[in-house]
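> what shape does this take:
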Amino acid sequence: MGGSASVAIRAGMTGPAPRAGGSAAAKGTDRAIDFRAMHNHGQRSELPFLEGLAKLDWKDREFFLLMANAGSIKKGSKIVGCTPRTARIRFARIEDLMGTSLAFRGNRGLEMTAVGKKLHAKVQKMQASMAEAVIPADDTGTRTALRIAVTEGLGSFWLAPRLVEFQAQNPDLTIHLLCDMQKVDLTSGNFDIAVQLEPISSAVLVPLRLGTLHLMPFAAETYLQAAGTPRDVDDWPHHRLVWQEADQVASHLLPYHIGTQDPGELIAITTNSSSAHFRAVSQGAGIGLLPTYARAISRKVKPIDIGVHIKREIVCAVHASQARLSHVERGIEWLKQAFSAETWPWFQDNFVHPNEFEGGIASGNVVSLFEGYIDLIEPAGGSPGSGQGSAH
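Just a heads-up that it's a prediction; the model follows:
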């Protein structure tokens, strides 16, 4: 280019190009240094983001994704099941961990910043990779495992008696039913469906409302004969209570229903198990809250009308990536039938008193379903056909 000066681009600086006639090796080295500098600059700009991402646990990432998808703190807090203030604090904590603002808050809700958009895309990609890793194959020619997690009472005493018929209709399935009050993490891939009594708070889970669980006080006839039947909540001090303390049990409501902030002196027995809770009530230990369907499967407990009634939604969740799998679809359809309010009135949204469905019980459609199963768990000396239920 004659004797005119040219310009060489370097990392963050300009300067004269090497003289004409300089060695090719020198020119090549000069260019290599330039490219390394550009690469290192990109690494430095990416490093804070990756460091911040590493500080977030999976629940933080999932919470951020849920809020971003909801579009506002207010909408997101309703899905999570917390107050907007709590959601704002948690979102701000995530921003602190990332070291930068992730969203602008305005009248239109959350507007993601450039880093927020980047984090949103990254977490979505990570979830997609997790989902692909845990999806079981349906075309192996062997039995497919259907893994359902459900609260203890609903699983042991409501769903378990139905498993024989369901498995007979689906001989290609091996059914794993986990009955436990502790919620499971569907994103781990260990379960296909979860049935629970608390709202679904994950952005990658598909929720489905199955029905409503209604609870009211029950007691054994033997207890009522000895202690009398309470007429209203003011009679609580004259009675013994049986209480269940476990995950997904609304324990915080107890003081409200008995009218005292210190219910400890009234509680005779506390257990973490739904089945143990029912056994204590049915054996005359005291008054306990049971689902209204307890009367449908057991004649050993009697409902007590004192104006106390608790309503809980029964919901199921499935990972979005697995919702269309054949065995999962069949499992969900089975659950919908098992909790059908049209078939079982005690799962209706409106409260139906146990006395109102006595006719349905007498018709045999419930007794025939549970009788054999109940006989197996009835303790020695128990009367045939009497049975057990559970609170949750």
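
> so which residues of the stretch 51-200 of the chain form strands?
Counting by DSSP state E, counting those that start in this stretch, one finds strands in the stretch 51-200 of the chain at the ranges 103-106, 109-112, 144-150, 173-179, 193-196.

> C-alpha coordinates for stretch 220-239, CSV please?
As requested, the backbone C-alpha atoms of stretch 220-239 are provided in CSV (Å, rounded to 0.1, in the frame of the first residue of the first chain):
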residue,chain,number,x,y,z
ALA,A,220,-65.6,-43.1,68.2
GLU,A,221,-68.9,-44.0,69.7
THR,A,222,-67.1,-45.4,72.8
TYR,A,223,-65.4,-42.0,73.4
LEU,A,224,-68.7,-40.1,73.0
GLN,A,225,-70.5,-42.5,75.4
ALA,A,226,-67.8,-41.8,78.1
ALA,A,227,-67.1,-38.1,77.5
GLY,A,228,-70.3,-36.9,76.0
THR,A,229,-70.9,-35.2,72.6
PRO,A,230,-69.6,-31.6,72.4
ARG,A,231,-72.3,-29.1,71.3
ASP,A,232,-70.0,-26.3,70.1
VAL,A,233,-66.3,-25.2,70.2
ASP,A,234,-66.7,-23.9,73.7
ASP,A,235,-66.9,-27.5,74.8
TRP,A,236,-63.3,-28.2,73.7
PRO,A,237,-61.8,-27.8,77.2
HIS,A,238,-63.9,-30.7,78.4
HIS,A,239,-62.6,-33.1,75.7
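
> okay, and for this structure, where does confidence drop off?
1-47, 127-142, 250-264, 358-392 (pLDDT under 70).

> now the strands for the stretch 201-350 of the chain?
205-220, 241-244, 267-271, 287-291, 301-303, 310-319.

> list the contacts for residue 224?
Contacts for residue 224 (CB atoms under 8 Å, 6 or more residues apart in numbering) come out as residue 302. Glycine gets a C-beta too; all of them are placed from N, C-alpha and C.

> okay, the strands of the stretch 51-200 of the chain in CSV with distance to residue 246 next?
Shown next, in CSV, are those (distance: least, CB to CB, whole Å):
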stretch, distance to residue 246
strand 103-106, 37
strand 109-112, 35
strand 144-150, 14
strand 173-179, 12
strand 193-196, 12
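
> just the strands of the stretch 201-350 of the chain: most buried one?
Of the strands of the stretch 201-350 of the chain, the one with the most neighbours on average (mean count of other CB atoms under 10 Å) is strand 287-291, at a mean of 27.

> name the strands paired with it and say parallel or antiparallel.
Applying DSSP bridges to the sheet, strand 287-291 is found paired with strand 205-220 (antiparallel), strand 241-244 (parallel).

> tell me the buried residues in stretch 324-335?
325, 327-328, 330-332, 334-335 (16 or more other CB atoms under 10 Å).

> ok, so of those residues, who is nearest residue 186?
Nearest to residue 186 among these: residue 328, at 11.0 Å, using CB to CB.

> what sits against that closest one?
Residues 146, 192-193, 318, 322 are the ones in contact with residue 328 under the rule CB under 8 Å, 6+ apart.

> and what of residue 77?
Taking CB under 8 Å, 6+ apart as the test, what residue 77 contacts is 83-84, 86-87.

> can you say which of these are buried?
residue 87.

> just the ones in helices from the contacts of residue 77, please.
With DSSP state H as the criterion, helices contain 84, 86-87 from among those.

> wait, which of those is closest to residue 231?
residue 86 (40.2 Å).

> so what's the closest one up against?
Residues near residue 86 by CB under 8 Å, 6+ apart: residue 77.

> switch to numbering from 65
Got it, first residue is 65 now, which makes that one residue 150.

> for residue 284, which non-adjacent residue is spatially closest?
Take residue 284 and drop its neighbours on the chain: the residue closest to it by CB to CB, 6 or more residues apart in numbering is residue 348, 4.4 Å away.
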